[in-house]
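Peer 1: pasting the structure only:
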Ligand code: ATP
Ligand code: MG
């Protein structure tokens, strides 16, 4: 018998893997690419490989860096590895890119001109700062919206283009404006000792590029780097990985190729990545499928392993997923198979509106539970967050316990953000955004003009906003009332700061903040139901802080660590598994997860695929999103749609999604009245606006839609057209009476045109 406990564990570890999986787990040094479809065990292979590296002494816990896409996935990875190892994973870096970067930056912030206490700005903080920059630069926010500029900047950061590089390459006037805002935005962030999410990644890349000794340190301490969901990494993340495993590599793969022999002598190159190009759904955040497709040219000696057996889903579900995805032009051919049997057919149901759809979904869930399913085996996916409301209403009415991942996120609620802003300002006296957020919340009679005066005074005499506010009488232009109010506010903040410096726990500090600033008192005075629920949310936050305190280690800079964690809590973190809740989430959040029963609602044209994504690249990404949804299901898959749906307050009429029609008829169970069309959708119509609903009732309209729309115009949804004076556009909707809605690329606006009369033709 085997006596060495390690050998025994090792054998166990390798037993429940198939041949190619085992090959991946036991692969020695050097780059490794596992390219495989959904549910084939990629994540499982990573977990096993980590355990294998530890058992075979190829790595110590602290020498492993494993990157996942969401905090939830990181937690799951930690659980899996702990189970395999039989002990805690302490010391191991099993984190998201952002969390890993935040951790690295906390140790080296000074090198980038920040202090360790830097604040992490989320999307809305960043947006607010952009607005401020636009005002500063006298740019009309109606002409150049803060959102568009913010997206453009974020996109540049994800593509590793910093201010200088961006400015050098500007083409259009819009880009020129963005370049200007980008520069100011970065200066302001730096001045406020703050970074946005994208900066965390970019900051680490800069750190590793500029300071060889830091790079060497991390490159040698992380002997093995593993990345899950590699298809969704962006250029900046890719660069960071390169720097860690291959310190001498150049960002430009062309020059790199010429230096391959050189490179092999440099870093350890122990990079194992797993991914599926068919599941790439984040190109809007700058992810580049190219990273996975190019892996082999970047690492020509990479071992490539393909996994083809799916262990998650029935053959029916897999065949449906396979047929849908083959409609995408791009992509690597993969055929998944499963030996879990055919299982049930996919249930397809159509309803008059989203309420009927929700009643069906919840009714079906109740029945499944009666038959012995547990709530946590069931998930409902939808395309956009707002679609959860109809479902939630019904779930609440029927008293089915559920949770929503994403949507109204706990940490994005106003009162929670206020409380966090108080703590941020206590930790970082330069944090202008937080100061601006809370100085008059609750109301203290401090108007925006007074606050702006304090802020600009601080920047003109180069002191922190805290110091400027602390001497209000020196701020030019402040009235006596404002001076008094500010004085009172800063006295309170000063007391809290002392408490903070005295080493009080985060929970106690937060309680003191909420009490002494009058925040809770002001809410209670409102005496409304809403205010009460805000107070409850704040209590929940205190609870979260206390939990954090209980876990934190002595001597840590606890407040900073707490704030860092809070800033990084992503959507999927609200998920709890043990208390039996039906889970609702967007398709984007569903990545990497699996459930025995899956409902995908809203399988309609313009919803899924989304109306904003009907150009060709967008359409393929929508198809991959649908593919991700379908492949989450283990045993039962339901697809449903509503012929009429309220979208932003108006009713829209939808046709069945083309993706549903790409599933072979024989895999679908649909009642008689649902007519299944062969092949892809050819004639589509999308009626929007109120006119149609007064003319025909819901179900008549459903029939009418197909017939009349086809007769009136032969334009098709999503078709590229050209207008003699307005230029290129795309058809985003077809309306009764031969009206087509065209979005023109010139200005991104939609216009309704009479198809027969307008000078529009196909491109
Ligand atoms: P996705 O692409 O959706 O992220 P994946 O490739 O990461 O999927 P996993 O989540 O690792 O797949 O595995 C899917 C399911 O199959 C899991 O429940 C996993 O435990 C199971 N599984 C994978 N390989 C095996 C195996 N060799 N034996 C038994 N079960 C397996
Ligand atoms: Mg996975």
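Peer 2: Received, thanks. Please read these numbers as outputs of a predicted model, since none were measured by experiment. Numbering: from 1, shown residues only. Ligands and ions are numbered 1, 2, ... in the order given.

Peer 1: Residue 625 reaches residue 586, doesn't it?
Peer 2: No: between residue 625 and residue 586 there is no contact, the gap being 9.3 Å when judged by CB atoms under 8 Å. Just so you know, the C-beta spots here come from the backbone N, C-alpha and C atoms, and that holds for glycine as well.

Peer 1: Mind listing the shared neighbours of those two?
Peer 2: Taking CB atoms under 8 Å, 6 or more residues apart in numbering as the criterion, residue 625 and residue 586 both touch residue 383.

Peer 1: need the contact list for the residue of the stretch 201-350 of the chain found nearest ligand 1.
Peer 2: Taking CB to the nearest ligand atom, ligand 1 has its nearest neighbour within the stretch 201-350 of the chain at residue 311, 3.2 Å off. Neighbouring residues of residue 311 by CB under 8 Å, 6+ apart: 39-41, 338, 340.

Peer 1: repeat for residue 483
Peer 2: 472-473, 475.

Peer 1: same check, this time on residue 279
Peer 2: Residues in contact with residue 279 (CB under 8 Å, 6+ apart) are 38, 229, 231-232, 591, 624, 627-628, 631.

Peer 1: which of those lies closest to residue 159?
Peer 2: Nearest to residue 159 out of these is residue 232 (CB to CB; 14.5 Å).

Peer 1: Please look at the closest one and residue 67 and confirm they touch.
Peer 2: No: taking contacts as CB under 8 Å, residue 232 lies outside contact range of residue 67: 10.9 Å.

Peer 1: Of the two, which one has the most company?
Peer 2: residue 67 (27 against 24; other CB atoms under 10 Å).

Peer 1: Roughly how far does that one sit from residue 734?
Peer 2: According to CB to CB, to the nearest Å, residue 67 stands 44 Å off from residue 734.

Peer 1: what do you get for residue 753?
Peer 2: 11 Å.

Peer 1: Which neighbours do those two have in common?
Peer 2: In contact with both residue 753 and residue 734: 740-741, using CB under 8 Å, 6+ apart.

Peer 1: neighbour count winner among those two?
Peer 2: residue 734 (27 against 20).

Peer 1: ok but the more buried one is inside a strand, no?
Peer 2: Yes: under DSSP: H, G, I helix; E, B strand; the rest coil, residue 734 sits within a strand.

Peer 1: Which strand residues bridge it?
Peer 2: residue 686, residue 740 (DSSP bridges).

Peer 1: Local confidence estimate at residue 321?
Peer 2: On pLDDT, residue 321 comes in at 95.

Peer 1: neighbours of residue 559, just the number please.
Peer 2: If we define neighbours as other CB under 10 Å, then residue 559 has 22 of them.

Peer 1: for it, what are its contacts?
Peer 2: 423, 426-427, 500, 506, 509.

Peer 1: out of these, who's near ligand 2?
Peer 2: When CB under 5 Å from the ion is applied, no member of the contacts of residue 559 is adjacent to ligand 2.

Peer 1: Compare neighbour counts for residue 625 and residue 586 and give me the winner.
Peer 2: More neighbours surround residue 625 than the other of residue 625 and residue 586, with 26 against 21 (other CB under 10 Å).

Peer 1: From residue 609, how far out is the more buried one?
Peer 2: Distance, residue 625 to residue 609, by CB to CB: 8 Å.

Peer 1: quick one: the longest strand along the chain near ligand 1?
Peer 2: Assignment by DSSP state E gives strand 633-647 as the longest strand of the chain. No: figure legend: strand 633-647 not in contact with ligand 1 (CB under 6 Å from any ligand atom); closest approach 7.9 Å.

Peer 1: Against which helices or strands is that strand packed?
Peer 2: helix 315-325, strand 346-353, helix 354-370, strand 595-600, strand 650-653, helix 698-712 (3 or more CB pairs under 8 Å, 6 or more residues apart in numbering; DSSP states H and E).

Peer 1: Make CSV out of those and add distance to ligand 1 and mean neighbour count.
Peer 2: Listed next are the helices and strands packed on strand 633-647 as CSV, based on distance: least, CB to the nearest ligand atom, whole Å; neighbours: other CB atoms under 10 Å:
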stretch, distance to ligand 1, mean neighbour count
helix 315-325, 11, 24
strand 346-353, 18, 20
helix 354-370, 20, 18
strand 595-600, 11, 24
strand 650-653, 32, 19
helix 698-712, 34, 16
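
Peer 1: closest one to ligand 2 among those?
Peer 2: strand 595-600 (13.8 Å; CB to the ion).
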